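> Model the following, please.
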Amino acid sequence: MKTRTVLGSLLLALALIGIAPATLLAQEQADTASDPDAKCVKCHSRGLKKKLEDGETLSLKVDFDAFGSSVHRVIGCTGCHRDVAKGKHPSRQPIASRRAYSVERNQTCRQCHRAKSDAYENSVHASLVKAGSDQAPLCSDCHSSHAIQSSATYDPRNGEPCSKCHDGIFQAYEGSVHGTARREGNRIRGSHVTAPICSDCHKEHDISAVAANDYLVSTCLDCHEVAPLAHEQWLPNAAMHMSSVGCAACHAPEAPLRVDLQLFDRGAGAPVDSSEQYAPFRERLENLDTDGALGAMDLWKLVRLTERDGMDTDVVLRGRLEVANGIDAHRLADSTQATRTCESCHESRSASFRNVTVSITRPDGRRERFDADSDVLSSVFSVDTISGFYAPGGTRIKLLDYLLILAILGGLAVPVVHITLGKFIRSRSRKSERE
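Sure, this is the predicted structure:
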């Protein structure tokens, strides 16, 4: 009996000894399977490279320390590189260029960030990418490829990531009333209003071209809600000024200005763009532009294209006084330094009205501008052309000012003559009756 017990124990011990290596091997395989990034680290922590079709070399080395501290560490390498599968890696598929690879990988972000991706697709950045620009930012340009951080870690005081491409604009912003408020406690003149940073005005992903429509003015009014009422207290015809003068034109007093005459379809309530519908306007502009600055007659003929070609549009040139470049548009001063004198614009040969352009909206929402002669603003041919921009005595179309004065005097003369003639007739009638 004892012999059988000892023999059984010996057999059990031998069985356990045989099972142990197999168990340890399975556990090791399980550990490896649960950390697939370890395989990636083995190769991609070294200086791997791939030859591209354009002759350049793409580095395949990944900084895994940076990746380990990123928000994507929880999803691992295959969370984004889902095309990497057993038997399909390394890929032998050719890559045309670094830019082509980056554009392709841009769609990877959409797998998890669909809402952000949709917003980006409607942005000026995406429009530039579709137009073939090699400089327009992709997801990885702003967020990096592997060291992606939480939005809370971004320090808006240094303008990242916008300042990477728009450093000149950010430097101008830093010296502005908004940038100063950021540095001095993030408040504007002691109020509880937070001073804006890039994304507050331009948005984060669905970034619009600020020159399109009235986007910039409406953006300013998002924070400065009482501005229209405040302007009405001292500015004559405040509503017209706010619709035809950009905010920065007065609030960046040192900046050079221009008058931009935007082709605008009143019927559609939208700017004329580069679509097929408005192709004749673009063709005419390009042809006229080869002869130098556009004149008043050129503009008059331009807006008459709708009548000549039977187009179902009502196109005018909508004028706006604005800062001449984007950098100066960000040099906003304190309201106490803003332009408040009428003479700065409404004087003969004002510098504000010497730089004139005619613009058409491009597919990305930005404007393409053509130089125009400053005399277009003082010609009688321009009155109907720049509808909504002429103001009596304001835009210096002298002949019209004289005609307006004559019309006013003529209008006043009618009742005066009528009353005087009536008195004369009644006087003659009474005299005749006495005789």
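
> any idea how the chain splits into domains?
Domain ranges of the chain: 43-153, 156-207, 209-396, 404-435, per automatic domain parsing.

> Switch those domains over to TSV; also include mean pLDDT, mean neighbour count and distance to residue 37.
Bear in mind the C-beta positions are built from the backbone N, C-alpha and C, glycine included. Output for those, formatted as TSV (pLDDT from 0 to 100; neighbours: other CB atoms under 10 Å; distance: least, CB to CB, whole Å):
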stretch	mean pLDDT	mean neighbour count	distance to residue 37
domain 43-153	88	14	5
domain 156-207	81	16	26
domain 209-396	80	17	39
domain 404-435	69	10	77
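
> Now tabulate these in a markdown table and tack on distance to residue 36.
Output for the domains of the chain, formatted as a markdown table (distance: least, CB to CB, whole Å):
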| stretch | distance to residue 36 |
| --- | --- |
| domain 43-153 | 6 |
| domain 156-207 | 30 |
| domain 209-396 | 41 |
| domain 404-435 | 80 |
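
> which residue ranges form the helices in the stretch 151-300 of the chain?
Along the stretch 151-300 of the chain, counting by DSSP state H, counting those that start in this stretch, helices occupy 167-174, 177-183, 198-202, 215-223, 227-232, 238-244, 247-251, 279-289, 296-303.

> wait, which of these is closest to residue 331?
Across the helices of the stretch 151-300 of the chain, residue 331 has its closest neighbour in helix 167-174 (4.8 Å, CB to CB).

> circling back: wait, which of the helices of the stretch 151-300 of the chain is closest to residue 416?
Nearest of the helices of the stretch 151-300 of the chain (CB to CB): helix 238-244, 30.8 Å.

> From residue 259, how far out is residue 150?
45 Å (CB to CB, to the nearest Å).

> Spatially, what comes nearest to residue 379 if we skip its sequence neighbours?
residue 296 (3.7 Å; CB to CB, 6 or more residues apart in numbering).

> The one you found against residue 358, yeah?
No. The pair residue 296 and residue 358 does not pass the contact test of CB atoms under 8 Å, sitting 11.5 Å apart.

> Show me what the helix or strand harbouring residue 128 is in contact with.
Counting by DSSP states H and E, the element that carries residue 128 is helix 124-130. Contacts with helix 124-130, where a contact means CB atoms under 8 Å, 6 or more residues apart in numbering, come from 103, 120, 135-138, 207-209, 363-366.

> Out of those, which comes closest to residue 226?
Among the contacts of helix 124-130, and counting by CB to CB, the member closest to residue 226 is residue 208, at 24.5 Å.

> hmm, back to that, got the helices of the stretch 151-300 of the chain as TSV, with distance to residue 109 columns?
TSV is the format used below for these (distance: least, CB to CB, whole Å):
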stretch	distance to residue 109
helix 167-174	25
helix 177-183	29
helix 198-202	18
helix 215-223	26
helix 227-232	38
helix 238-244	39
helix 247-251	34
helix 279-289	35
helix 296-303	43
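
> just so I know, which of these lies nearest residue 158?
helix 167-174 (8.3 Å).

> Off-centre distance for the closest one?
Mean C-alpha position of helix 167-174 versus that of the full chain (CA atoms, centre = their mean, to the nearest Å) differs by 16 Å.

> Outside of it itself, list whatever touches it.
Under the criterion CB under 8 Å, 6+ apart, residues 159, 162-163, 179, 183, 198, 326-328, 330-331 lie in contact with helix 167-174.

> thinking residue 70 is in contact with residue 147, fair?
Yes. Judged on CB under 8 Å, residue 70 makes contact with residue 147 at a distance of 5.3 Å.

> now residue 267, nearest residue through space, not along the chain?
residue 314 (4.2 Å).

> In which helix or strand does residue 41 reside?
helix 37-44.

> Give the next helix or strand downstream of that helix.
Following helix 37-44 toward the C-terminus (DSSP H and E): strand 49-51.

> what element comes up after that next one heading to the C-terminus?
With elements assigned by DSSP H and E, the helix or strand that comes after strand 49-51 is strand 57-59.

> what residues does that next one touch?
47-52, 95, 98, 101.

> that older thread, need the contacts of helix 167-174 in CSV with distance to residue 350, can you?
Converted to CSV, the contacts of helix 167-174 look like this (distance: CB to CB, whole Å):
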residue, distance to residue 350
159, 35
162, 34
163, 35
179, 29
183, 35
198, 33
326, 23
327, 23
328, 18
330, 24
331, 20
